[in-house]
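K.L.:
heads up, no residue letters with this:
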């Protein structure tokens with residue numbers, strides 16, 4: 001059951017014949033809060049959609065965690081190290097990689113291109129990258145070629161830059177020297193292109209090349225060494241805990257990092273964009289709060305005689321102030337709840353039906369992503385209610401400060 005302050009607050013908000021102007025201002029105030037809240041929900045859902053897409057693309061085609069030795073570029077006993085790491089909670093798969101930079105030469109066309117060459121074991125690497133035994137992406141490396149040459153898998157853009165297709169031969173020149181009777185010469189090896197692949201990363205597709213781990217070791221004369229160990233974390237939400245466990249277990253000799261660490265500047269830029277976006281779109285809610293102030297001031301002027309009567313009947317200034325505070329908070333609550341629901345529904349529909357299409361030739365996305373989060377809704381609703389409460393302070397104290405005698409005499 002409402003006390004008399006709540007009863008009067010709701011009564012004053014009703015539409016009254018002959019006072020349509022104040023009622024219209026009240027409706028506009030509610031609509032203003034609704035529109036501002038919904039716009040803020042949609043704006044932050046867009047930002048969250050971009051952040052989630054960026055995280056997915058960062059992890060797509062890449063390991064969740066990478067382990068490198070701090071002192072040596074290449075280390076041995078990778079298999080034993082992986083076995084020990086698989087005992088760590090959260091680590092579900094591991095694979096050794098031997099990485100080197102090199103130059104690919106397509107001698108038939110006289111074309112060259114820089115390549116980031118990874119020597120991998122297709123099955124274990126596929127489990128780390130794809131999270132399952134679906135390694136069709138890499139098993140082409142193991143397929144025997146008619147020529148008997150070692151196989152190489154190229155990023156689709158790298159293959160296009162070289163002008164090669166499956167079956168062509170390319171020469172890989174690595175930054176290692178071979179002594180000859182005449183002079184030191186760069187070490188090289190001929191590989192046969194067995195296919196191309198496409199990821200979500202333009203740079204990777206333009207530079208990455210995969211060869212078998214044994215082929216990379218023999219080309220570099222690296223023995224049984226590796227340059228890094230890649231791990232998959234399951235579930236991904238445990239990545240920070242798993243990373244901490246690995247650092248504690250393997251000590252200072254090993255450096256553990258994830259791709260989010262390497263892209264901190266980009267993720268920080270997205271977080272800054274979220275803050276700026278919230279402040280900019282949040283101004284709509286502030287404008288709606290100004291409407292609340294205007295409505296309450298008009299309400300105080302319209303109810304001056306009633307305020308005097310209430311004071312004469314024993315209502316204290318605190319009671320009078322509370323009536324108008326409750327009015328403003330009611331407007332804020334109705335507008336906020338309606339705006340949150342409207343924003344959530346619209347953002348969900350926009351994302352589900354991909355209503356805002358983008359040109360993939362210009363943008364890396366095919367449509368504008370939306371991802372409304374409950375946490376965002378909670379703080380948007382709280383911020384809206386706080387702004388609405390602040391908007392009530394001046395009119396409420398103005399009403400509480402009215403002289404009861406003058407208020408009763410008011411016409």
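P.N.:
Everything's here; your move. Computed from a predicted structure; not experimentally measured. Residues are numbered from 1 along each chain as shown.
K.L.:
So which residue is dead centre in this structure?
P.N.:
By CA atoms, centre = their mean, the mean C-alpha position of the chain lies nearest to residue 51, the distance being 1.8 Å.
K.L.:
Touching, that residue and residue 269? I think so.
P.N.:
No: assessed by CB atoms under 8 Å, residue 51 is found out of contact with residue 269, at 10.5 Å. Using the backbone N, CA and C atoms, a C-beta is placed for each residue, glycine as well.
K.L.:
still on that earlier bit, need the contact list for the residue nearest to the centre of the chain.
P.N.:
Counting by CB atoms under 8 Å, 6 or more residues apart in numbering, residue 51 touches 267, 270, 274, 371.
K.L.:
Am I right that it falls within a helix?
P.N.:
Yes: counting by DSSP: H, G, I helix; E, B strand; the rest coil, residue 51 is part of a helix.
K.L.:
any idea how far residue 273 is from it?
P.N.:
According to CB to CB, to the nearest Å, residue 51 stands 9 Å off from residue 273.
K.L.:
swap in residue 208?
P.N.:
29 Å.
K.L.:
how about the helices in the stretch 301-411 of the chain?
P.N.:
Ranges of helices within the stretch 301-411 of the chain are 304-312, 317-352, 374-400, 404-409, based on DSSP state H, counting those that start in this stretch.
K.L.:
Using TSV, please lay out these together with mean neighbour count and mean pLDDT.
P.N.:
Formatted as TSV, the helices of the stretch 301-411 of the chain follow (neighbours: other CB atoms under 10 Å; pLDDT from 0 to 100):
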stretch	mean neighbour count	mean pLDDT
helix 304-312	17	80
helix 317-352	20	93
helix 374-400	18	92
helix 404-409	14	66
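K.L.:
nearest to residue 163, of those helices?
P.N.:
Of all the helices of the stretch 301-411 of the chain, it is helix 317-352 that lies closest to residue 163, at 39.5 Å by CB to CB.
K.L.:
of all the contacts of residue 51, which two lie farthest apart?
P.N.:
Longest span within the contacts of residue 51, CB to CB: 267 and 371, 15.3 Å.
K.L.:
Looking at those two, which one has more neighbours?
P.N.:
More neighbours surround residue 371 than the other of residue 267 and residue 371, with 18 against 15 (other CB atoms under 10 Å).
K.L.:
ok, the more buried one - contacts?
P.N.:
Counted by CB under 8 Å, 6+ apart, residue 371 has contacts 45, 48-49, 51-52, 347, 351.
K.L.:
Excluding chain neighbours, what is closest to residue 243?
P.N.:
If the residues on either side of it in the chain are set aside, residue 243 comes closest to residue 256, at 5.4 Å by CB to CB, 6 or more residues apart in numbering.
K.L.:
contacting residues around that neighbour?
P.N.:
Residues counted as contacts of residue 256 (CB under 8 Å, 6+ apart) are 65-67, 243, 246-247, 250.
K.L.:
ok, now with 6 Å
P.N.:
Residues in contact with residue 256 (CB atoms under 6 Å, 6 or more residues apart in numbering) are 67, 243, 246-247.
K.L.:
how deep is residue 192 tucked in, by neighbour count?
P.N.:
Residue 192, neighbours per other CB under 10 Å, totals 18.
K.L.:
Same check on residue 163?
P.N.:
Neighbours of residue 163 under the rule other CB under 10 Å: 13.
K.L.:
how about it, what does it touch?
P.N.:
Shown in contact with residue 163 (CB under 6 Å, 6+ apart): 109, 111.
K.L.:
that older thread, what's across from the residue nearest to residue 243 in the sheet?
P.N.:
residue 67 (DSSP bridges).
K.L.:
Might you quantify the distance of stretch 334-343 from its chain's geometric centre?
P.N.:
Chain-centre distance of stretch 334-343: 24 Å, with CA atoms, centre = their mean, to the nearest Å.
K.L.:
Stretch 385-402 too?
P.N.:
Remark: stretch 385-402 is offset 38 Å from the chain centroid, using CA atoms, centre = their mean.
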